[in-house]
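*Asks:* No letters, just coordinates:
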């Protein structure tokens, strides 16, 4: 199953849309240069293509398996992970103080896209580890950082997130895992966690579990949750793995997709209790875990981009080879059947796949750029503004990009026709793998709730107001440009719809009618992402037009950027306008009584 990281597209999105080169003015990234960016992307592309992608299909067919207390990953995974660690890929954007390379998060996200596109099941392992690094960097003790961060940064040890229990999924406050103080500064952890990605495996010498649990007498709900570090092997004073902890995988889930990724049922404390140490303050575990979850949510968004790109490549390759029917308008010719890529409907499908993928990529890169600015800009006010932008865009990056991935992967199956439904072609695997992304790390419905209930009110509504204002300015600028005025007009309509929907939700919240706002949350997030994606593609088109006028760059690539943005404006952006009635009036129908519909029979 071939996958070729689209380095040219990735680099264009980084440089001309997200603004990666601007970060070189910050002290932390003063060594960031054009040749460094190119070298990182080119080498990552080679590793993704040659070392990880060849294991995607075989890993799906073989899957992970349990052998006693151990979990064995598919053939080739262990060796590929060792090469991944040796090459330093896990450390790209990690803090230099703990052995990382300290490169921009934006560049790290772009590289993460390649791992996910090449092999999503494999790519989940470093994705979770990066989240653990974020949590310990922000909330860990000095001892945590000394013992664990260097190993996590290098990838020698991997990290997991342990939230979900059988009775506590999205409602984390219902969890029952408990932590009992041992009197020596440590705790004994007891409980069962489910759906733990890479919770047990044979690729690393140690696994660092971040586990949510309750202390004795803790308040009910999320206010009484604490976060604990519970390693598979306790760390010795010199940082080497010591005795085995009382934490085991007691089952592997049989899943629709990502078969190569071990999804574990973890049992803590079947004997004397798993030894853990507190991260952050008692009963403040959710705040600590959200650091990890926010990092994971953007990474899952970029996972959607990677799987969408891979599905598009697979479909395009098939459409170029599969010959069927006559060319439009030439049905009576005696020529042989043409490749289906020449049929208008297939071309429309492929362009839809490509446009959605590029829009999702731009949204995720823009979110990562906001993270870099929030962390490293020398001006405090600029950092604060960037932090608001990061928080506003994170649920959109996660939800809109993963919904797009499912749509793109589904369209990829469709392009293959009947053969898409046959596992032999590999198109179905992308669809199966993509389907988890809108579910884990907070379902996309929860992302929509987060956007409407928590992010729209940020800074008294100022954060979203300023973002929409920037969109309006870009749309107006584009509408005045020759060759792009049609796209500008479409954007102007889309942004106007977003402003109207935002004003409506602000009013619903002001009038204390949260149910009506919640009923409109999912269509609102879709509208938001559709418009944002259009603005970013338009930004790229404007940059491409300017470069062509100056005789710069690869003209074919630049012409494609303009054409793709125009396609998006004509074919994808109208979805935003169609969402508006569901937001403004649809809540009433959602909340209407349906006699007997929700009652048990």
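*Replies:* Structure's in. What do you need? Please read all numbers here as calculations on a predicted model, not as lab measurements. Numbers count the residues shown, from 1 in each chain.

*Asks:* Can you tell me the SS state at residue 265?
*Replies:* strand (DSSP: H, G, I helix; E, B strand; the rest coil).

*Asks:* now the strands: where do they sit in this protein?
*Replies:* For the chain, the strands defined by DSSP state E cover 65-67, 70-72, 157-162, 178-181, 187-197, 206-213, 226-231, 233-235, 241-244, 247-252, 263-268, 274-279.

*Asks:* Report the angle between the fifth one and strand 274-279.
*Replies:* An angle of 90 degrees separates the directions of strand 187-197 and strand 274-279 when computed by axes from the mean of the first three to the mean of the last three Cα atoms, to 10 degrees.

*Asks:* Any chance of the strands of the chain in CSV with distance to residue 361 as columns?
*Replies:* Where C-beta positions appear, they are placed from N, C-alpha and C, glycine not excepted. Output for the strands of the chain, formatted as CSV (distance: least, Cβ to Cβ, whole Å):
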stretch, distance to residue 361
strand 65-67, 34
strand 70-72, 33
strand 157-162, 25
strand 178-181, 41
strand 187-197, 23
strand 206-213, 29
strand 226-231, 32
strand 233-235, 38
strand 241-244, 38
strand 247-252, 32
strand 263-268, 27
strand 274-279, 33
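
*Asks:* So for residue 84, which of those strands sits nearest?
*Replies:* Nearest of those to residue 84, taken as Cβ to Cβ: strand 157-162 at 11.0 Å.

*Asks:* so how far is the closest one off the chain centroid?
*Replies:* 17 Å (Cα atoms, centre = their mean, to the nearest Å).

*Asks:* Could you pull up the mean pLDDT of it?
*Replies:* Strand 157-162 comes out with an average pLDDT of 96.

*Asks:* rewinding a little: among the strands of the chain, which comes closest to residue 89?
*Replies:* That would be strand 157-162 among the strands of the chain, by Cβ to Cβ, at 13.2 Å.

*Asks:* That closest one pairs with which strands?
*Replies:* Partner strands for strand 157-162, per DSSP bridges, with pairing direction: strand 206-213 (parallel).

*Asks:* that older thread, can I get the strands of the chain in a markdown table including mean neighbour count and distance to residue 133?
*Replies:* Output for the strands of the chain, formatted as a markdown table (neighbours: other Cβ atoms under 10 Å; distance: least, Cβ to Cβ, whole Å):
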| stretch | mean neighbour count | distance to residue 133 |
| --- | --- | --- |
| strand 65-67 | 12 | 27 |
| strand 70-72 | 16 | 22 |
| strand 157-162 | 27 | 7 |
| strand 178-181 | 19 | 23 |
| strand 187-197 | 22 | 16 |
| strand 206-213 | 26 | 10 |
| strand 226-231 | 26 | 12 |
| strand 233-235 | 19 | 16 |
| strand 241-244 | 14 | 18 |
| strand 247-252 | 19 | 20 |
| strand 263-268 | 23 | 20 |
| strand 274-279 | 24 | 13 |
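
*Asks:* Now do the same for residue 286: its pLDDT.
*Replies:* 89.

*Asks:* coming back round to it: who wins for proximity to residue 47 among the strands of the chain?
*Replies:* Taking the strands of the chain one by one with Cβ to Cβ, strand 157-162 is closest: 17.9 Å.

*Asks:* For residue 172, find the nearest of the strands of the chain.
*Replies:* strand 206-213 (6.9 Å).

*Asks:* relative orientation of the closest one and strand 263-268 in degrees?
*Replies:* Using the same axes, to 10 degrees: strand 206-213 against strand 263-268 is 70 degrees.

*Asks:* Okay, angle between strand 206-213 and strand 226-231 too, please.
*Replies:* Using the same axes, to 10 degrees: strand 206-213 against strand 226-231 is 160 degrees.

*Asks:* least trustworthy helix or strand in the chain by mean pLDDT?
*Replies:* Scoring the helices and strands of the chain by mean pLDDT, DSSP states H and E places helix 586-591 at the bottom, with a mean of 80.

*Asks:* That one packs against which elements?
*Replies:* helix 514-519 (3 or more Cβ pairs under 8 Å, 6 or more residues apart in numbering; DSSP states H and E).

*Asks:* what sits up against the helix it packs on?
*Replies:* 449, 452-453, 505, 508-509, 586-588, 590-591 (Cβ atoms under 8 Å, 6 or more residues apart in numbering).

*Asks:* give me that answer again for 7 Å
*Replies:* When contacts are defined by Cβ atoms under 7 Å, 6 or more residues apart in numbering, helix 514-519 is touched by residues 449, 452, 505, 508-509, 586-587, 590-591.

*Asks:* That one: which residues count as buried?
*Replies:* 516-519 (16 or more other Cβ atoms under 10 Å).

*Asks:* now swap in stretch 533-548 and tell me
*Replies:* Buried, per 16+ other Cβ under 10 Å, within stretch 533-548: 533-545, 547-548.

*Asks:* same question, stretch 38-57
*Replies:* For stretch 38-57, the neighbour count (16+ other Cβ under 10 Å) marks 40-41, 44-45, 47-49, 51-57 as buried.

*Asks:* Return the subset of these lying in helices.
*Replies:* 40-41, 44-45, 47, 56-57 (DSSP state H).

*Asks:* For those, give me CSV that also has pLDDT.
*Replies:* Listed next are these as CSV, based on pLDDT from 0 to 100:
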residue, pLDDT
40, 97
41, 98
44, 98
45, 98
47, 98
56, 98
57, 97
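
*Asks:* Now for residue 140: which residues touch it?
*Replies:* So residue 140 contacts residue 279 (Cβ under 7 Å, 6+ apart).

*Asks:* List just the one of the strands of the chain that sits closest to residue 574.
*Replies:* Closest among these, using Cβ to Cβ: strand 187-197, at 37.0 Å.

*Asks:* That closest one vs strand 247-252, what angle?
*Replies:* 30 degrees.

*Asks:* on contacts alone, who are the packing partners of strand 187-197?
*Replies:* Secondary-structure packing of strand 187-197 (3 or more Cβ pairs under 7 Å, 6 or more residues apart in numbering; DSSP states H and E): strand 157-162, strand 178-181, strand 206-213, strand 226-231, strand 263-268, strand 274-279.

*Asks:* Give the other helices and strands that the last one contacts.
*Replies:* This means strand 274-279. strand 187-197, strand 226-231.

*Asks:* Contacts for that strand next, please.
*Replies:* 135, 139-140, 144, 179, 186-189, 210-211, 226-230, 234, 245-247, 268, 288.

*Asks:* 6 Å - rerun?
*Replies:* 139-140, 186-187, 189, 227-230, 245-247, 268, 288 (Cβ atoms under 6 Å, 6 or more residues apart in numbering).

*Asks:* quick one: pLDDT of the nearest residue to residue 256 once chain neighbours are set aside?
*Replies:* Once flanking residues are discounted, residue 256 sits nearest to residue 432: 5.1 Å by Cβ to Cβ, 6 or more residues apart in numbering. Predicted confidence (pLDDT) for residue 432: 98.

*Asks:* now residue 571: how far from residue 102?
*Replies:* 41 Å (Cβ to Cβ, to the nearest Å).

*Asks:* What of residue 589?
*Replies:* 52 Å.

*Asks:* More neighbours: these two, which one.
*Replies:* Taking neighbours as other Cβ atoms under 10 Å, residue 589 and residue 102 compare with residue 102 leading, 17 against 10.

*Asks:* what sits against that one?
*Replies:* residue 96.

*Asks:* Could you check how far it is from residue 28?
*Replies:* Residue 102 is 7 Å from residue 28, by Cβ to Cβ.
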